[in-house]
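In: Just need the structure, nothing else, for what follows:
(3 chains)
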Amino acid sequence: MKTYFELVTFTTQAGTSLHNITPSVRRIVSASGIGEDIVAITSQHTTTAITINEDEERLREDIKHYFENPAPADRPYQHNDIHLRDCDPDEPENAHSHLIAMLLGSSESVAVQGGDLLLGQWLSLMMIELD
Amino acid sequence: MKTYFELVTFTTQAGTSLHNITPSVRRIVSASGIGEDIVAITSQHTTTAITINEDEERLREDIKHYFENPAPADRPYQHNDIHLRDCDPDEPENAHSHLIAMLLGSSESVAVQGGDLLLGQWLSLMMIELD
Amino acid sequence: MKTYFELVTFTTQAGTSLHNITPSVRRIVSASGIGEDIVAITSQHTTTAITINEDEERLREDIKHYFENPAPADRPYQHNDIHLRDCDPDEPENAHSHLIAMLLGSSESVAVQGGDLLLGQWLSLMMIELD
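Out: Have a look, this model is predicted:
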């Protein structure tokens, strides 16, 4: 049985941003030499999410705008009472980012066939930075 | 190591609809001859989602109704300004379908045990058409 | 090819509650003797969900509070018309729990590396009881 793993890191700016990780995942699948299997893509952060959808310029703006609404940053969250927590006083007030990450989900699984990702024609794997 | 893959296609009507894909996935698991493993079920479209829940007649109506609300079709979305995009002028105005697909998620992973899906008693695998 | 499976059961109280299942999953991965692979964690109930995020005391309260809002329990749902369904008259009115479980998702997949879960520093696997 063959398995292959890679950790990929991205540098992001403050705020919500979308990162098309399909080229990275395709390169990793190719490097693995595995022809047929499943690849699991999993976020390693509390305020990032993994999703699959269309990487269309205007839809990217809709996604950024839309996913600010379900958990607005300016509502009160207990997690944002930094002074009541046993943590660094510089911790960001990002409870809304945690909640939206949970809505979007931390992992997606995709088939590998013929040594490549089996993704529908208009689909891209995306990492969403929510904080 | 044994792997098995099948692409299943469904014909859907316009609008939101639920499709219980448990029988298809059970048949595919059986055809694979694999006894113990993981099966990943992944949507191949931008406006469909994969979910696991109860296939109960009245809950199906709740699901269809509920998932129209979080991203109403009649709000403005940049992706729906078809004339500003480099695409076919007949493209559907379906940004809301993309967003809801991302909320529901594109894949689920389920254990295979004794050659069958290990799904809780009331659970079904469902493909949701959102457009 | 080696596979390993375990079913873990939890006793929960009425209402929404979060259960950090990371220690259970780490123990299972260790018991499997598998060094490198993928572990899929899948809920077996219609009103529970699997998520990955930070197990911080105050964020737990935010999560419980937040996930009561997207599908309020006191709205009308067809699934809650127990008398119109072919089921036990004592069935709970829990359509909202089903819907929120679908928003959160039923499964997550995580890499196993060096015989342990590869989870980001602040991440925990959580089972959320929604009913």
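
In: what residues does chain A put near chain C?
Out: When proximity is defined by C-beta under 8 Å from any C-beta of the partner chain, chain A lies next to chain C at A:1, A:3, A:5, A:7, A:38, A:40, A:42-46, A:70-71, A:77-79, A:81, A:84-85, A:95, A:98-99, A:101-103, A:105-109. Heads up, the C-betas are built off the backbone N, CA and C, glycines and all.

In: and these, which of them are in strands?
Out: A:38, A:40, A:42, A:107-109 (DSSP state E).

In: right, and the pair among those residues with maximum separation?
Out: Farthest pair in these (C-beta to C-beta) is A:38 and A:42. Separation: 12.4 Å.

In: Nearest to chain C, out of the ones in strands among the residues of chain A next to chain C: which one, please.
Out: Taking C-beta to the nearest C-beta as the measure, chain C lies nearest residue A:40 of these, at 3.7 Å.

In: Just the pLDDT at that closest one, thanks.
Out: Per-residue confidence at residue A:40 stands at 98 (pLDDT).

In: ok, it to residue C:93 distance?
Out: Distance, residue A:40 to residue C:93, using C-beta to C-beta, to the nearest Å: 36 Å.

In: secondary structure element for residue A:60?
Out: helix A:57-66 (DSSP states H and E).

In: Now do that helix: which elements does it pack against?
Out: strand A:17-20, helix B:95-104 (3 or more C-beta pairs under 8 Å, 6 or more residues apart in numbering or on different chains; DSSP states H and E).

In: which one of these has the most crowded surroundings?
Out: helix B:95-104 (a mean of 25; mean count of other C-beta atoms under 10 Å in any protein chain shown).

In: And it, what does it pack against?
Out: Helix B:95-104 packs on strand A:48-53, helix A:57-66, helix A:95-104, strand B:48-53, helix C:95-104, going by 3+ C-beta pairs under 8 Å, 6+ apart.

In: Go again with 6 Å.
Out: Other helices and strands packing on helix B:95-104, by 3 or more C-beta pairs under 6 Å, 6 or more residues apart in numbering or on different chains; DSSP states H and E, are strand A:48-53, helix A:57-66, strand B:48-53.

In: From the structure, what's the count of residues near residue A:10?
Out: Residue A:10: 11 surrounding residues under other C-beta atoms under 10 Å in any protein chain shown.

In: Excluding chain neighbours, give the residue nearest to it in space.
Out: The shortest distance from residue A:10 to any non-neighbouring residue, by C-beta to C-beta, 6 or more residues apart in numbering or on different chains, is to residue A:19 (5.6 Å).

In: measure residue A:36 to chain B for me?
Out: Separation of residue A:36 from chain B (C-beta to the nearest C-beta, to the nearest Å): 4 Å.

In: Return the backbone torsion pair for that residue.
Out: With angles defined as degrees, to the nearest 10, residue A:36 sits at phi -130, psi 120.

In: can you tell me which of the ones in strands among the residues of chain A next to chain C lies nearest to residue C:32?
Out: Nearest to residue C:32 out of these is residue A:40 (C-beta to C-beta; 16.2 Å).

In: Who is the residue lying closest to the closest one once chain neighbours are set aside paired with across the strands?
Out: Of all residues beyond its chain neighbours, the one nearest residue A:40 is residue C:109 (3.7 Å), with distances taken as C-beta to C-beta, 6+ apart. Residues in a beta bridge with residue C:109, per DSSP bridges, are residue C:40.

In: tell me the contacts of residue C:109?
Out: The contact partners of residue C:109, by C-beta atoms under 6 Å, 6 or more residues apart in numbering or on different chains, come to A:40, A:107, A:109, B:109, C:38, C:40.

In: any chance of these in JSON lines, plus distance to residue A:61?
Out: Below are those laid out as JSON lines (distance: C-beta to C-beta, whole Å):
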{"residue": "A:40", "distance to residue A:61": "29"}
{"residue": "A:107", "distance to residue A:61": "25"}
{"residue": "A:109", "distance to residue A:61": "28"}
{"residue": "B:109", "distance to residue A:61": "31"}
{"residue": "C:38", "distance to residue A:61": "34"}
{"residue": "C:40", "distance to residue A:61": "34"}
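
In: nearest to residue C:62, of those?
Out: Using C-beta to C-beta, residue A:107 is the member of the contacts of residue C:109 that lies nearest residue C:62, at 21.9 Å.

In: quick revisit: any buried residues in the helix holding residue A:60, and which?
Out: Within helix A:57-66, the residues that count as buried by 16 or more other C-beta atoms under 10 Å in any protein chain shown are A:58-60, A:62-63, A:66.

In: Kindly report the same for stretch A:103-117.
Out: Applying 16+ other C-beta under 10 Å to stretch A:103-117 flags A:103-112, A:117 as buried.

In: biggest separation within those residues, which pair?
Out: It's A:103 and A:112 that sit farthest apart of the buried residues of stretch A:103-117, by C-beta to C-beta, at 27.2 Å.

In: re earlier: just the ones in strands among the residues of chain A next to chain C now: which is nearest chain B?
Out: Using C-beta to the nearest C-beta, those come closest to chain B at residue A:109, 3.7 Å.

In: Return the residues of chain A in contact with chain B.
Out: Contacts of chain A with chain B, taken as C-beta under 6 Å from any C-beta of the partner chain, map to A:1, A:36-38, A:51-54, A:58-59, A:61-62, A:66, A:103, A:105, A:108-111, A:113, A:120, A:122.

In: so residue A:82 touches residue A:91, yeah?
Out: Yes: the pair residue A:82 and residue A:91 passes the contact test of C-beta atoms under 6 Å, sitting 5.1 Å apart.
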